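1. Quick one, fold the following:
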Amino acid sequence: MRNHRPLAGRELATGVLLFGLVVGAAACGSSQAQVTLPKKAPDARLARAAPASPSQRQLVIAAYEGYWQATNQAVNSRDPAAAKSLLTSYVPGTAISGLITGMKMLWRRGEMAFGAPVFHIVNVKMTGRRTAAVHDCIDLSHTGFQNRKTGVIVGGLGQSHDYLITTLALEHGRWLVTGAIPVVQSCAY
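-> Model prediction:
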């Protein structure tokens, strides 16, 4: 334990001097320098740069990742009309009723989605002029379904290193997820 004794004259003077130096240094840094700027030309304008358009690869990845998010939101909506609206931008119209049928089973059991996958995209292959495949060493270990009322996890979607190939097709200007194939192959990230 420290002994609290009054400061001696020399220690007090040193403390006051240090405090004064700190305050003085701070005050010196706050003054504004007088600088003369060059005159601006009257017609000087900033050049407008057009934003770069995303590449096909970037659009495919955005659609792939958006599909996962939209699917979780659709499951958690517990409403067929809302689910359809959420999925329309990510899957072909012909696939929506099948997905909603599966969601209705989850809803009857009182389940909802939890978590989200962690993507580790290995590559994106353009498999045709209007088709692509995303190869992902996806981490699904913290993604699945849980009981809506109790929060108890009732099922997971996969492991931490699942090799998944997801196919997409360009329809009406949008990349839509058309299928997913789990591959029995080790992957690492």
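2. Remind me what whichever strand or helix holds residue 133 packs against, helices and strands.
-> Taking DSSP states H and E as the criterion, residue 133 maps to strand 131-138. Counting contacts by 3 or more Cβ pairs under 8 Å, 6 or more residues apart in numbering; DSSP states H and E, strand 131-138 packs against helix 56-77, strand 121-126, strand 162-171. All C-beta spots, glycine's among them, are computed from the backbone N, C-alpha and C.
3. Show me which positions of the helix or strand following it end up buried.
-> Remark: after strand 131-138, the chain's next helix or strand is strand 144-147, criterion DSSP H and E. By 16 or more other Cβ atoms under 10 Å, the buried positions in strand 144-147 come out as 144-146.
4. okay, those in CSV with distance to residue 127 and pLDDT next?
-> As requested, the buried residues of strand 144-147 are arranged in CSV below (distance: Cβ to Cβ, whole Å; pLDDT from 0 to 100):
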residue, distance to residue 127, pLDDT
144, 30, 95
145, 31, 96
146, 36, 96
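5. Export those to CSV and append columns for distance to residue 62.
-> Listed next are those as CSV, based on distance: Cβ to Cβ, whole Å:
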residue, distance to residue 62
144, 24
145, 25
146, 27
